[in-house]
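Asks: coords please:
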Amino acid sequence: MLAEPIASRLRKLQLEDFREAVICSQVSGEAKADWLLRVDLTSPDKILKEWARWGDVPAIAKLLNQHLAASRVEVRATLKEATLHLFCSKTAKKGQKPKQQEYPDRQQTTDTIAPLLASFAPQGLRAATIYGVEPASGQEANPESPVWIDWVDLPAAHHPDLAASARTLAAEGDQLALTFLLNRLLNPSLRRKLETGGIRARAAKSRRAARHDRSSDLPFSVEGRAAGG
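Replies: Have a look, this model is predicted:
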């Protein structure tokens, strides 16, 4: 019960030059600790950029929304094959309702999004389609009737080493890709991951794999630790 609140408050301190913290709970007079808690102190911004680099759609959407908040533009992202679809709508001013027939400026929105996506260089994503849409009821963008559409090539379209998805690379034995997928599977909630540090796992070559033992079906061993619960 104490793990998540402690981890969340510790991460809010934004301690620099620290990778993790270890919290120990021990009853006075006892020789052994009741429990140990390892908290990942990696900053939320670094986590988001790392996941965006691997083509994680929620992480990309989160970063884009952070950069577009000042322009009152909200982005909803979906993925179809190797194309990222970004539905951009205007948000209401504080205390006001969203206005119909109000949508983001095409040039300004594209000029903001394009360099950000290029800097992320998301693995396996070759292009992005950007839609300007009017706010629908419930403040959700309506993808069926965009006011404008724009297209942006992503680095993977021109660099073969970025073309394969994280899943494809993991299937081929890439340890970094496998580590990312394991961490994403263990941390389905991006919000909780950013708040508490979540669960951190690392894929490592097993000794059998290192000796090319064909009797082993799994070429990797998995090391994990709870970082906040």
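
Asks: what about the residue lying farthest from the centre of the chain, helix or strand, and which?
Replies: For the chain, the largest distance from the centre (CA atoms, centre = their mean) belongs to residue 29, which lies 43.4 Å off. For residue 29, there is no helix or strand it lies in under DSSP states H and E.

Asks: Return the residues in contact with it.
Replies: Residues in contact with residue 29, defined by CB atoms under 8 Å, 6 or more residues apart in numbering, are absent; none qualify. For glycine as for every other residue, the C-beta is placed from the backbone atoms N, C-alpha and C.

Asks: For it, give me phi and psi.
Replies: Dihedral angles of residue 29 (phi, psi; degrees, to the nearest 10) stand at phi 100, psi -20.

Asks: what pLDDT does it get?
Replies: Among the per-residue scores, residue 29 shows a pLDDT of 78.

Asks: same check, this time on residue 220
Replies: The predicted local confidence for residue 220 comes out at a pLDDT of 50.

Asks: Could you do residue 202 as well?
Replies: As predicted, residue 202 sits at a pLDDT of 83.

Asks: how near is it to residue 187?
Replies: As for residue 202, its distance to residue 187 is 14 Å (criterion: CB to CB, to the nearest Å).

Asks: Tell me which of those two has more neighbours.
Replies: With other CB atoms under 10 Å as the criterion, residue 202 and residue 187 differ in neighbour count, and residue 187 comes out ahead with 21 against 16.

Asks: Buried residues in the helix or strand containing residue 191, which are they?
Replies: Here residue 191 sits within helix 190-196, counting by DSSP H and E. By neighbour count with 16 or more other CB atoms under 10 Å, helix 190-196 contains the buried residues 190, 192, 193, 194, 195, 196.

Asks: can I get the CA coordinates of that helix in CSV?
Replies: Provided in CSV are the C-alpha atoms of helix 190-196 (Å, rounded to 0.1, in the frame of the first residue of the first chain):
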residue,chain,number,x,y,z
LEU,A,190,2.1,5.1,-19.3
ARG,A,191,0.8,7.4,-16.6
ARG,A,192,1.6,5.0,-13.8
LYS,A,193,5.0,4.4,-15.3
LEU,A,194,5.8,8.1,-15.4
GLU,A,195,4.5,8.7,-11.8
THR,A,196,6.1,5.7,-10.0
